[in-house]
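K.L.:
Here is my input, please return the structure:
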Amino acid sequence: MYDILIIGGGPAGLTAAIYARRNGKTVLLIEKEGFGGQMAVSPRVENYPGFASASGAELADAMLTQAMDLGAETELALVTAVRREGDILRVVTDDGEFEAKSVILAAGVKHRRLELPGEDELIGNGVSFCAVCDGAFYEGKTVVVVGGGNSALQEALLLADTCREVVVCHRREFTAEQRLLNELFARPNVTAVTGVAVREFLRGASGALRGLKLAWVRTGEEMEIPCDGVFEAIGLAPENKAFTGLVDLDEDGYIDAGESGETSCPGVFAAGDCRKKTVRQIATAVGDGAASALAACRWVSC
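P.N.:
Numbers count the residues shown, from 1 in each chain. Presented below is the predicted three-dimensional model:
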């Protein structure tokens, strides 16, 4: 049995592991895919204190190394359920079960999708969510980035380095930082189309993506944009399905927990992007990880 079991290996979970181990608690960190979470696929991080510029992968590697050097154990597995059984919390995964005195939920978020017909078939074959992962496939081609926040513009900046043309589409005005807007739209191969919604993926005779059908939000009038690829950056959804019934969730599926991470279930804490909060950044996830770990340590020591 572990003192503290952490679900999710993003910046919140990794920080929680570091703090828990520094407090002498036994720790198991479970991650379903790759350590670092959304941070790991960010091409450039420029707002994390102490690092003027670093890749998300570099930050993820440094955090994971620190946690493991302190003695945190890790597992790659998908958590399917968490149950309280008396004084014990049982964590069920697709690769076995684990027991802990306390659990920190730091499962993060996943990419929201346009939910249009044919989207599933086109993912990885014209539709992508990660410029770092798939941008090289579109060198010298035309791509559309759907979204208007910081993440969308960062994706577009990366793509603009190698693509012939980058079109950024958004339903409303852009919400990204002005610095990013200035940098992106200074590029001669980048254009913007705002006030439009994506209505349809257009496919050629071979079934490959050939463009998008857009509609002006105000008038409903439709237009087509030819492109070779689409990068969706329209927001995130919490990965909290496995915790339904264990802790209280808000109407959007985020865990209802305060600054200490304390949830409605005794001994269970929440940290990072999966928690109900107003700001979701690497720095705030790290703060959540520290606060939840210290709260969990106090719980275990009671």
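K.L.:
Where is the longest helix in this protein?
P.N.:
Longest helix in the chain, counting residues (DSSP state H): helix 282-301.
K.L.:
Number of residues surrounding the residue nearest to I18 when sequence neighbours are not counted?
P.N.:
In space, and not counting its chain neighbours, I18 is closest to A67: 5.1 Å by CB to CB, 6 or more residues apart in numbering. (C-beta placed from N, C-alpha, C; glycine too.) For A67, the neighbour count with other CB atoms under 10 Å is 27.
K.L.:
How about D228?
P.N.:
Applying other CB under 10 Å, we find 19 residues neighbouring D228.
K.L.:
try the one 3 residues further on
P.N.:
If you count neighbours by other CB under 10 Å, F231 ends up with 25.
K.L.:
okay but it is in contact with V143, surely?
P.N.:
Yes - using CB atoms under 8 Å, F231 makes contact with V143 at a distance of 6.2 Å.
K.L.:
Now the common contact residues for those two.
P.N.:
Each of L159 lies in contact with both F231 and V143 under the rule CB atoms under 8 Å, 6 or more residues apart in numbering.
K.L.:
What is the lengthiest strand in the chain packed up against?
P.N.:
Longest strand in the chain by number of residues (criterion: DSSP state E): strand 96-105. Strand 96-105 is packed against strand 2-7, strand 27-31, strand 88-93, strand 268-270, helix 282-301, with contacts defined by 3 or more CB pairs under 8 Å, 6 or more residues apart in numbering; DSSP states H and E.
K.L.:
Can you name the residues that contact the residue nearest to I18?
P.N.:
Contacts of A67 (CB under 8 Å, 6+ apart): 14, 17-18, 21, 27, 29, 74.
K.L.:
looking at the residues you listed, which has the most residues close by?
P.N.:
Highest neighbour count within those: L14, with 34 neighbours (other CB under 10 Å).
K.L.:
give the contact list for that residue.
P.N.:
Applying CB under 8 Å, 6+ apart to L14 gives the contacts 29, 35-36, 60, 63-64, 66-67, 289.
K.L.:
Among the contacts of A67, find me the one that's closest to G56.
P.N.:
For the contacts of A67, the residue nearest G56 by CB to CB is L14; the value is 12.2 Å.
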